[in-house]
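Student: Sequence and computational prediction follow.
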Amino acid sequence: MRKFLATIILPLFLLACSKPNQAQPAPKAAAPAPAKQAPLASLPDFTALVAKEGPAVVNISTTQTVHTRGFPMMNFPGMSPNNPFYQFFRRFAPPNASPHEYKTQSLGSGFIIDSNGYILTNAHVVAGADKIVVNLTDKRQFKAKVIGLDRSTDVALIKIDARHLPTVALGDSASLKVGQWVVAIGAPFGFDNSVTAGIVSAKGRSLPDDNYVPFIQTDVPINPGNSGGP
């Protein structure tokens, strides 16, 4: 009898001991580690560049007397004679019309390349101007004179009577690469030190004329008054 009870109790004990093991949940599989993402390329910070070069960028305003023959409606008051549209529509003026004279004003930009008052700008900004006024970022105003200009490259050098001015150093365009970031600083619509940015789209571009002059093409937003700025 004892042997029979021992035989019964032993299987029950083994069964009781095995129940907790059966009730335990299976261990969860470890979650896969998140895949490492490549770091995003950071955008360039232009604040130091603008703080350094901005004070040497100037606002240029010009006044020009235009002499033409034609009816008043054909004279386009306020339009510079350097504007291609002016030259195009002027051909429709009657040949025997009376002479007419008016003044036109335009805005542009430039940048100081020598502390003694030499300023680089575009030729079409100052060509034929009777009066050139340069406004510095410190609100000083100077009359300027043209030292020289080259229409084929659209570059002009003007000078103001001032000393100890901030300057912008000319860069090396040969080392410039397509896709690099570039910044334009100017005075569009007369607003001083306006900054826009973009990239170099292409190098070695030229205009459809007889003289091959390589230009740098960018997608930097440019507005009226930016002409001549760096």
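Tutor: Everything's here; your move. Residues are numbered from 1 along each chain as shown.
Student: For S61, which non-adjacent residue is closest in space?
Tutor: Leaving aside its sequence neighbours, S61 sits nearest to V133 (C-beta to C-beta, 6 or more residues apart in numbering; 4.9 Å). Where C-beta positions appear, they are placed from N, C-alpha and C, glycine not excepted.
Student: if you skip the residues just before and after it, what's nearest to G108?
Tutor: Leaving aside its sequence neighbours, G108 sits nearest to V125 (C-beta to C-beta, 6+ apart; 3.4 Å).
Student: helices and strands around the helix or strand where the one you found lies, which ones?
Tutor: Secondary structure assignment for V125, by DSSP states H and E: helix 123-126. Under the contact criterion of 3 or more C-beta pairs under 8 Å, 6 or more residues apart in numbering; DSSP states H and E, helix 123-126 touches strand 57-69, strand 99-114, strand 141-150, strand 155-160.
Student: So which of those is nearest D192?
Tutor: Shortest distance between D192 and the helices and strands packed on helix 123-126, using C-beta to C-beta, is found for strand 57-69: 5.7 Å.
Student: partner strands of the closest one, parallel or antiparallel?
Tutor: Using DSSP bridges, strand 57-69 pairs in its sheet with strand 99-114 (antiparallel), strand 131-135 (antiparallel).
Student: got the angle between the longest one and strand 141-150?
Tutor: Angle between the axes of strand 99-114 and strand 141-150 is 90 degrees (criterion: axes from the mean of the first three to the mean of the last three C-alpha atoms, to 10 degrees).
Student: Give the next helix or strand downstream of strand 99-114.
Tutor: Trace forward from strand 99-114 with DSSP H and E and the next one is strand 118-121.
Student: What are the contacting residues of that following strand?
Tutor: Contact with strand 118-121 is made by 58, 60, 108-113, 134, 144, 147, 155-160, 227-228, as judged by C-beta atoms under 8 Å, 6 or more residues apart in numbering.
Student: Out of the helices and strands in this structure, which is least certain?
Tutor: In the chain, no helix or strand scores lower on mean pLDDT, DSSP states H and E than helix 2-23, which sits at a mean of 44.
Student: Just give me the neighbour total for the closest residue in space to T137 that isn't next to it in sequence.
Tutor: Nearest residue to T137, sequence neighbours excluded (C-beta to C-beta, 6+ apart): P55, at 5.1 Å. As a burial measure, P55 scores 17 neighbours (other C-beta atoms under 10 Å).
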